[in-house]
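Q: Here is my input, please return the structure:
(one chain, ligands or ions: 1)
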Amino acid sequence: MNKEEALVVFSGGQDSTTCLFWAIKNFKKVHALTFIYGQKHVHEVDLAKQIAADAGVDLKVMDVSFIAGLTHNSLTDSSVIMDKEKPKDSLPNTFVPGRNLFFLSIAAVYAREIGVNHMVTGVSQTDFSGYPDCRDAFIKSLNVTLNLAMEEQFVIHTPLMWIDKAQTWQLADELGVFDIIRNNTLTCYNGIQGDGCGECPACTLRREGLETYLASRK
Ligand code: ZN
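A: Residues are numbered from 1 along each chain as shown. I've put the predicted structure just below:
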C-alpha cells in the first residue's frame, strides 16, 4: 500500500472538487473516482472529467446506476418533485439511500486494486441536510468495516466534516482554486454549472456560504 497516494471520491461538485485540490496538496499522487449512479444530471460527469484533466489527475468513471433502480428519490427520478426544505419528521427526498455506503465501499475495493489506502470524501456533518451517510460516526464505522472486510488499513479523510460552506469556500481560496470551484463545478440540483439555478436547496446552501465568506474576506 502506498501512503503517498490518495483516491478521491469525486463528483465535480463544490465539495468533492475542493477535496480533490486538498488531496493534491497533501499527497504526491492523486486518483479520482466518479460514479454514474443514475443521477438526472449526468452532465456533471463531463464536468468532473474536465476538472480532473485540467488538474492532471487520473479519473476513473464507474457505472453504478443500479443504485437509482433501488429507490425513488428526487435526484435520480424525474417524477419525484424535489423537497425545497427538509421535512420535519423525515429526510428530504434528495437523499439517495446507501449512496455513500456504496460509493465508499466500491472506492475501497478500487483503491485496494490500485494499491492505495488513503481515501478522501467531501461529506460534511456541519452543513448536512440530515443525510445520515454524511455523518462522522458513519464514516468512522464504515472505515472500520472496510478494514475488517478486506484486511486492509484504509484511512478515510474527510477534510470538510467539521467546516461549514463558508469555510469550504475559504479552504478553496487558501488552496488557490476559488475561481475553479466557483465557475467549473456543478452543485445545483437542477444541473446548472457554476452559481447554478440559485433556488434549489444545494444552490441556497452554496450561495449563502459564498456570501458569508465574501463578506468576511473584505
Ligand atoms: Zn440549483
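Q: C-alpha only now, for contacts and for neighbours.
A: Fine.
Q: Enumerate the residues of this protein near the ion.
A: Within the chain, the residues that sit near the ion (C-alpha under 5 Å from the ion) are 188-190, 196-198, 200, 203.
Q: Out of those, name the ones that lie in helices.
A: Mapping these onto helices (DSSP state H) picks out residue 203.
Q: May I see the residues of the chain next to the ion organised as CSV, with neighbour count added?
A: CSV is the format used below for the residues of the chain next to the ion (neighbours: other C-alpha atoms under 10 Å):
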residue, neighbour count
188, 25
189, 21
190, 19
196, 22
197, 16
198, 17
200, 18
203, 21
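Q: Include distance to residue 172 and pLDDT when you put the residues of the chain next to the ion into a markdown table, please.
A: Shown next, in a markdown table, are the residues of the chain next to the ion (distance: C-alpha to C-alpha, whole Å; pLDDT from 0 to 100):
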| residue | distance to residue 172 | pLDDT |
| --- | --- | --- |
| 188 | 18 | 91 |
| 189 | 21 | 85 |
| 190 | 23 | 88 |
| 196 | 18 | 94 |
| 197 | 21 | 93 |
| 198 | 20 | 90 |
| 200 | 22 | 87 |
| 203 | 17 | 92 |
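Q: Which of the residues of the chain next to the ion sits closest to residue 66?
A: residue 189 (20.1 Å; C-alpha to C-alpha).
Q: Touching the helix or strand of the chain with the lowest mean pLDDT from outside, list them.
A: Ranked by mean pLDDT, DSSP states H and E, the weakest helix or strand in the chain is helix 66-70, scoring a mean of 82. The contact list for helix 66-70, computed with C-alpha atoms under 8 Å, 6 or more residues apart in numbering, reads 37-39, 76-77, 99.
Q: Please save the CA atoms from it in PDB.
A: C-alpha atoms of helix 66-70 as PDB (Å, rounded to 0.1, in the frame of the first residue of the first chain):
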ATOM      1  CA  PHE A  66     -28.300   0.100 -10.300                       C
ATOM      2  CA  ILE A  67     -28.400   2.400  -7.300                       C
ATOM      3  CA  ALA A  68     -31.100   4.500  -8.900                       C
ATOM      4  CA  GLY A  69     -33.200   1.500  -9.500                       C
ATOM      5  CA  LEU A  70     -33.300   0.600  -5.900                       C
END
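Q: So which residues of the protein form strands?
A: Listed in chain order, the strands of the chain (DSSP state E) span 2-9, 29-36, 58-63, 116-120, 155-157.
Q: which one of those is the most hemmed in?
A: Comparing the strands of the chain by mean neighbour count (mean count of other C-alpha atoms under 10 Å), strand 116-120 comes out on top with a mean of 24.
Q: Dump it to CSV, restricted to CA.
A: Taking C-alpha atoms only, strand 116-120 is exported to CSV below (Å, rounded to 0.1, in the frame of the first residue of the first chain):
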residue,chain,number,x,y,z
VAL,A,116,-3.9,3.0,-2.4
ASN,A,117,-5.1,3.0,1.2
HIS,A,118,-6.0,6.7,1.6
MET,A,119,-9.4,7.8,0.5
VAL,A,120,-10.9,11.3,0.5
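Q: Having no further points to raise, I will conclude here.
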